[in-house]
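In: Test case, fold it:
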Amino acid sequence: MACRITELVIDCRDPETLAEFWCAVLDYAVLEREDNGDIEIGPAGTELGEGGIRLVLSRSDEPKRGKLPLHLDVNATDRDQDEELQRLFDLGARTADVGQTGEESWHVLADPEGNEFCLLRRRVQPASR
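Out: Model prediction:
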C-alpha cells in the first residue's frame, strides 16, 4: 500500500481572498468552511481523493518569511502560456523574483498574499471529475 496526497494546507492571513483567487485559477469551488475560518477548496462535485489535490486555506497570523520551501506549479488547460499569464495577472497574481535568470520557460508568480507559484509552458488536459 502507498499514500496519496489529497490535501495541501496553505497558511494565510485571509482565506476568503485566497479561496477566491485559487478557485478562479484552478476552476475549483469552495467545498467547506470551518468555524475557525479555514476554507477547503477543490474540484466541485468530487469526494476526497477524486479529481486532484484539495487546498486547505488555513487562517494564520504568522508572517510569511522569505521564499517558500514548497510551491505549486500550474499549467494552462485551454490556452497558451502567454494568454494564461495574462489571465493570472487579471486575477491578481504578480511577478515574483526568487532568483530566476529570465531564461526559464516558466513564469514565477505570487498569489495575493505573496505565495510563490509557477506557470509552466505545457498545456495539459483538465482534471477528470
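In: Any chance you could list what contacts stretch 86-103?
Out: 21, 24-25, 67, 79, 107-112, 114, 116-117, 119 (CB atoms under 8 Å, 6 or more residues apart in numbering). (C-beta placed from N, C-alpha, C; glycine too.)
In: T17 - that's part of a helix, no?
Out: Yes: secondary structure of T17 (DSSP: H, G, I helix; E, B strand; the rest coil): part of a helix.
In: returning to that earlier point: among the contacts of stretch 86-103, which one has the lowest pLDDT?
Out: Lowest pLDDT among the contacts of stretch 86-103: K67, with 76.
In: does R122 really touch N75, like I thought?
Out: Yes: contact criterion CB atoms under 8 Å: R122 and N75 qualify, at 5.1 Å.
In: Give me the pLDDT for the residue most central in space within the chain.
Out: Residue closest to the mean C-alpha point of the chain, counted by CA atoms, centre = their mean, is W22 at 5.1 Å. Here, the pLDDT recorded for W22 equals 97.
In: give me phi/psi at L88?
Out: Taking degrees, to the nearest 10, you get phi -70, psi -40 for the backbone angles of L88.
In: re earlier: any idea whether the residue nearest to the centre of the chain is helix, strand or coil?
Out: Going by three-state DSSP: W22 is helix.
In: Run through the residues that contact it.
Out: So W22 contacts Y28, I41, L55, L57, D111 (CB under 8 Å, 6+ apart).
In: if we can go back for a sec, please pick the buried ones from the contacts of stretch 86-103.
Out: F21, V25, H107, V108, L109, A110, D111, P112, E116, F117, L119 (16 or more other CB atoms under 10 Å).
In: okay, those in JSON lines with secondary structure next?
Out: Formatted as JSON lines, those follow (three-state DSSP):
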{"residue": "F21", "secondary structure": "helix"}
{"residue": "V25", "secondary structure": "helix"}
{"residue": "H107", "secondary structure": "strand"}
{"residue": "V108", "secondary structure": "strand"}
{"residue": "L109", "secondary structure": "strand"}
{"residue": "A110", "secondary structure": "strand"}
{"residue": "D111", "secondary structure": "coil"}
{"residue": "P112", "secondary structure": "coil"}
{"residue": "E116", "secondary structure": "strand"}
{"residue": "F117", "secondary structure": "strand"}
{"residue": "L119", "secondary structure": "strand"}
